[in-house]
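Visitor: Using only what follows, build the 3D model:
(chains A, B and C, ligands or ions: 2)
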Amino acid sequence: MVHPEAPPAPSPAEQGSGWDAVFAWLDRITQIFNVAGTALIVALMVLIGADVFGRQAFNAPISGVPEMVSLSIVAIVFLQVPQALRSGRFTRSDALLKLAWRKTPRFAKTLEIVFDAVAVGILGALVYAAWPLFVKDWQRNTFVGAMGDFTAPVWPVKLILVVGTVLLIAQFLARIVKLTTGRVNGASE
Amino acid sequence: DDVKATAVAGHPPVFRWVKMIPEVFVPTVQKELEGSGHTFTVDLQAGGAIAKVGEELETVGEGLAEIGTVQALFDPAKLAVQNVTYYTPFVSSDVKQISNMMDRLHKEDARLQQAYTDNNIVYLGAPIGIDDYLLMTKFPINSLADLDGKKIAAPGAAINWLSGTGAVGVSGNLTTYYNELKTGVYDGVIVFASAAVPGKLYEVAPNVTRMGLGAQFAGVLGANKDWYDAQPEAVRMALHKGADAAKDWYNDDLTNFAAKALEIMAANGATVVEAPEDMRKAWAAGMDNAAKAWAADLDGKGVKGTEVLSLYMEEMRKAGATPLRNWDKE
Amino acid sequence: MTPFDIGIVSLAAMVALVIAGLYVPIALMACSFVGVWAIKGSPLLASKLLSLAATNTISSYYFGVVPLFVLMGFLVAESGIGRDAYDVANAAFRKLKGGLGVGTVGANAIFAAITGISIASAAIFTKIAVPEMVRHGYTKRFAAGIVAGSSVLGMLIPPSLLLILYGVLTEQSIGDLFLAGILPGIVMAILFALGVVAMATFAPGFTGSPREGDIPALPARALLFKAVPIALLILLVLGGIYGGLFTPVEAGAIGAIGALVLGLAKGTLGWRSLWNVLVETGLVTASVCFLIIAAQMYSRMLAFSGVPAGFGNLVATADIGLWSVLLLYCAVIIVMGMILDSSSILLILVPLMLPVIAPLNVDLIWFGIVTIIAVEIGLLTPPFGISVYVIKSVIDDPEVSLSEIFAGAAPFALIMLVVLGLVLAFPQLATALL
Ligand code: NA
Ligand code: NA
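Guide: Ligands and ions are numbered 1, 2, ... in the order given. Below you'll find the predicted structure:
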């Protein structure tokens, strides 16, 4: 009943050269990000649990939990979003596309490529504007929280946002390559 | 010229510091510009429609909006020295005094302006003052010992105020105080009267102790620097006049309401008491000097923390305030 | 083109792109980007809007616990606790045509008391209830529709993150708002249940032919055995919230820990399935939050265009009497609900309406419940309906299309409309408990 993970990536070594090796590496990195995001969810659960327990049982709450939670959720989303696309979790209304793949596959393929290219473009614009925000927060060491109580730097999350989006772009590019090289033929999820 | 600006606020328009924009700031600017050949219109985007609370500085600085309520309290990293009042409790309970002081220092002192310039912001005026912080608890406070082991919620840097009292400081959020107090997650909160009344906090924490923790400075009205610099002199002058008018209106309205708020709470069954002087002194004496540590930390980052701390304390003393602790001189 | 025109065009473009099959978050992002570019004349500003919204939209304690509420639900499902609880509900309603559907609504109403968001309810009951209903002869669309419909209870029955947001916007007591949500929530649950039975009886073409007859009666011992774990979990979460041990927001983490411990104690949760549950939680969280981020970008673009304010002013300045204003207001919310997410609608409309409504001696608590019900209809309406999207993301069945789930949810949106009418006609529903 649990959704299967994306098919395990074949190890790059046994894959010869060419695109397949690239895809294998890409999927491998995507999965590593996915695991990191998953670990962060567990950490969040433990953190809040420990804060509640410490506060109620020992009058010793953990400082900065709201701040850490606010930062973590952004990291979790951008660590996992490439894998969410890879395993077909991006929401779309595919009725018309399915019809197009049946009736005029060439048109359907072109349309899918255009859609994926739009995604690459728009996510590119996001990265373009997010990068300077990361650099600024890194150079100035911007933090959240209150000095004297708890502070945490925000740059790691800004960096994850950029890198996660770049990985998402790479997954969209991979889809374009798979469509143009005939690796994908039919309505994809 | 037809000058158009988008103004952003993370809080909704029921908040006084948002309400002052359409009610006072904009009409005053328009009136100032009469006969100058310039007109002025503002598209107010409040309640987080474009920028959430704490996001206004970046949104205005990046140029997505021209004017905004810039919240130092919610952006303590970028507007570090502006948080000086939150590190110096027990200085003054007079919100007008603090507001006017901070307004003057912002206009005169380069060390305070620097934080805005660094973020591509120009200080227009209209400091967002917060009325005197109170202690509201589920239990009566007869002596400081009553606080021992009690969980008290406080916002941001104000959590430092609880050091030495024996109370457990929990970082809290105004929006959920009512429920948390009602169920007993917290035994009390540090909060100001003008927020306690709309939130009906007196129902769940009916013991209101006026500790004199102090009125505070939380933010200002700021403009995007590129946009501001491109405006004709007359418009720039008018913007500052508008902000000055907003400041006076805000201070009067807040002071009146804060006084009324205490009456409303009492009328609704809350017990409002003034803390005896020795209790206040004992609280202040037991605290860590978080201001010193904060200022030293800023110094290490190349921001003039210590200088701003003593500037603020010195000016407040000159203005007639009698701080319970001279945070800058210890 | 004026900014207003650009806003209108972007609405049409967004709907067209979504129907054509572009990924919904990408469609929202692309329309916001082009819209802001057209309004402000600067692609750089447009990309800055994207990056600021990406950073800030979900960066809060409230959104931070979304994965934990989802994780709690998936643990309940995977460890068999949900299935057992569902068996109990089914034993209670097995004589009823549509009993499984009624059980789903009932279970959702109870779960609503421990969750503050509808997303979690939708995700959980897609896992627990949909397969079971389909196995017993329900059409997939009806099964998914029941789950989508009853998920809205999550934000009407307290605790509710939407009611908290309304309370903040209007300076009303959140405690009062929570109390006011209880009766309308119960009425809605009852009407949902009646609706399920009526549809199962009179519209078998739509619902399939539910066969609850083969569900065995449970002996008292088995009933007890199956009911204990979920009862323990509810006791933990509700007891903890109302006993002052933790906040409704923190309840997500405590509930997840509780479900984990129960699952391990029952021996039904292995390491492998635990890992799968965690990964699944991450993927659902990421896709839903990414969608919410994109919706916030779109909402900010629309705010710049002035379209929502235009509609709001239309209502606010219409000199047509209180009741016409209220009806028009609800209509505008429902229309906005088709394309915007719940919190964006509240942020845009409530501040506009407040100065109009407040002087007319309208009870702002009642007005809040009216607003929340109208806003929540949008969770079920195409093209942008978050509850339906969550179900699509969790259901993992390519044969169930988005439009089918929307169709299945439609009767429940209509029932919500009825409840909205009831609360408008009988304000006591909201104010009786105050
Ligand atoms: Na709820
Ligand atoms: Na909708």
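Visitor: Determine the number of other residues adjacent to C:Val237.
Guide: If you count neighbours by other C-beta atoms under 10 Å in any protein chain shown, C:Val237 ends up with 24. Every C-beta, even on glycine, is put in place using the N, C-alpha and C of the backbone.
Visitor: what bits of the chain have low per-residue confidence?
Guide: Using chain A. In the predicted model of chain A, residues A:1-17, A:186-189 satisfy pLDDT under 70.
Visitor: what do you get for the stretch 151-300 of chain B?
Guide: In the stretch 151-300 of chain B, no residues with pLDDT under 70.
Visitor: which residues in it form helices?
Guide: For the stretch 151-300 of chain B, applying DSSP state H, counting those that start in this stretch gives helices covering B:177-183, B:193-196, B:201-204, B:225-229, B:233-267, B:277-286, B:290-300.
Visitor: can you check chain A too?
Guide: Along chain A, counting by DSSP state H, helices occupy A:19-58, A:65-86, A:95-103, A:105-139, A:155-180.
Visitor: Kindly reformat the ones you listed as CSV containing distance to B:Gly172 and mean neighbour count.
Guide: Below are the helices of chain A laid out as CSV (distance: least, C-beta to C-beta, whole Å; neighbours: other C-beta atoms under 10 Å in any protein chain shown):
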stretch, distance to B:Gly172, mean neighbour count
helix A:19-58, 12, 18
helix A:65-86, 9, 26
helix A:95-103, 48, 15
helix A:105-139, 26, 18
helix A:155-180, 23, 20
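Visitor: For those helices, give me a markdown table that also has distance to C:Ser324.
Guide: Listed next are these as a markdown table, based on distance: least, C-beta to C-beta, whole Å:
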| stretch | distance to C:Ser324 |
| --- | --- |
| helix A:19-58 | 47 |
| helix A:65-86 | 42 |
| helix A:95-103 | 38 |
| helix A:105-139 | 41 |
| helix A:155-180 | 46 |
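Visitor: Can you check which of these gets nearest to C:Leu349?
Guide: helix A:65-86 (26.0 Å; C-beta to C-beta).
Visitor: and the closest one, how far out from the chain's middle?
Guide: Mean-position distance between helix A:65-86 and its chain equals 8 Å (C-alpha atoms, centre = their mean, to the nearest Å).
Visitor: again with stretch A:176-189
Guide: For stretch A:176-189, the distance to the chain centre is 21 Å (C-alpha atoms, centre = their mean).
Visitor: got it, and stretch A:88-107?
Guide: Using C-alpha atoms, centre = their mean, the offset of stretch A:88-107 from its chain centre is 23 Å.
Visitor: Quote the end-to-end distance of that stretch.
Guide: In stretch A:88-107, first residue to last residue: 22 Å (C-alpha to C-alpha, to the nearest Å).
Visitor: quick check, it touching ligand 2?
Guide: No - between stretch A:88-107 and ligand 2, judged by C-beta under 5 Å from the ion, nothing touches; the nearest distance is 12.5 Å.
Visitor: Other residues contacting that stretch?
Guide: Stretch A:88-107 is contacted by residues A:84, A:108, A:111-112, A:185-189, C:18-26, C:283-284, C:286-287, C:290-291, C:383, C:389, C:392-393, C:401-403 when judged by C-beta atoms under 8 Å, 6 or more residues apart in numbering or on different chains.
Visitor: 7 Å - rerun?
Guide: Stretch A:88-107 has contacts (C-beta atoms under 7 Å, 6 or more residues apart in numbering or on different chains) with A:84, A:108, A:111, A:185-187, A:189, C:18-25, C:283, C:287, C:291, C:389, C:392-393, C:401-403.
Visitor: Any of those residues buried? List them.
Guide: Buried members of the contacts of stretch A:88-107, counted by 16 or more other C-beta atoms under 10 Å in any protein chain shown: A:84, A:108, A:111, A:187, C:18, C:20-25, C:283, C:287, C:291, C:389, C:392-393, C:401-403.
Visitor: In helices, which of the residues you listed fall?
Guide: Those of the buried ones among the contacts of stretch A:88-107 lying in helices (DSSP H): A:84, A:108, A:111, C:18, C:20, C:24-25, C:283, C:287, C:291, C:389, C:392-393, C:402-403.
Visitor: tell me which of those is nearest to ligand 1?
Guide: Nearest to ligand 1 among these: C:Tyr389, at 19.6 Å, using C-beta to the ion.
Visitor: Relative to ligand 1, how far out is the residue nearest to the closest one when sequence neighbours are not counted?
Guide: In space, and not counting its chain neighbours, C:Tyr389 is closest to A:Thr91: 4.6 Å by C-beta to C-beta, 6 or more residues apart in numbering or on different chains. Per C-beta to the ion, to the nearest Å, A:Thr91 is found 24 Å from ligand 1.
Visitor: returning to that earlier point: I'd like to know which of the helices of the stretch 151-300 of chain B is closest to chain C.
Guide: Chain C lies closest to helix B:177-183 among the helices of the stretch 151-300 of chain B, at 4.0 Å (C-beta to the nearest C-beta).
Visitor: I'd assumed B:Thr39 was in contact with B:Asp2.
Guide: Yes - between B:Asp2 and B:Thr39 there is a contact under C-beta atoms under 7 Å: 5.0 Å.
Visitor: how about the helices of the stretch 251-400 of chain C, start to end?
Guide: Going by DSSP H, counting those that start in this stretch, the stretch 251-400 of chain C shows helices at C:251-266, C:271-305, C:307-317, C:322-339, C:342-357, C:364-377, C:386-395.
Visitor: would TSV of these with distance to A:Pro156 and mean pLDDT be doable?
Guide: Shown next, in TSV, are the helices of the stretch 251-400 of chain C (distance: least, C-beta to C-beta, whole Å; pLDDT from 0 to 100):
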stretch	distance to A:Pro156	mean pLDDT
helix C:251-266	22	92
helix C:271-305	18	91
helix C:307-317	35	80
helix C:322-339	34	89
helix C:342-357	27	80
helix C:364-377	35	96
helix C:386-395	28	89
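Visitor: how about the ones you listed, which one is nearest C:Gly35?
Guide: The nearest among the helices of the stretch 251-400 of chain C, by C-beta to C-beta, is helix C:271-305 at 4.2 Å.
Visitor: quick check: angle from the closest one to helix C:386-395?
Guide: With axes from the mean of the first three to the mean of the last three C-alpha atoms, to 10 degrees defining the directions, helix C:271-305 sits at 150 degrees from helix C:386-395.
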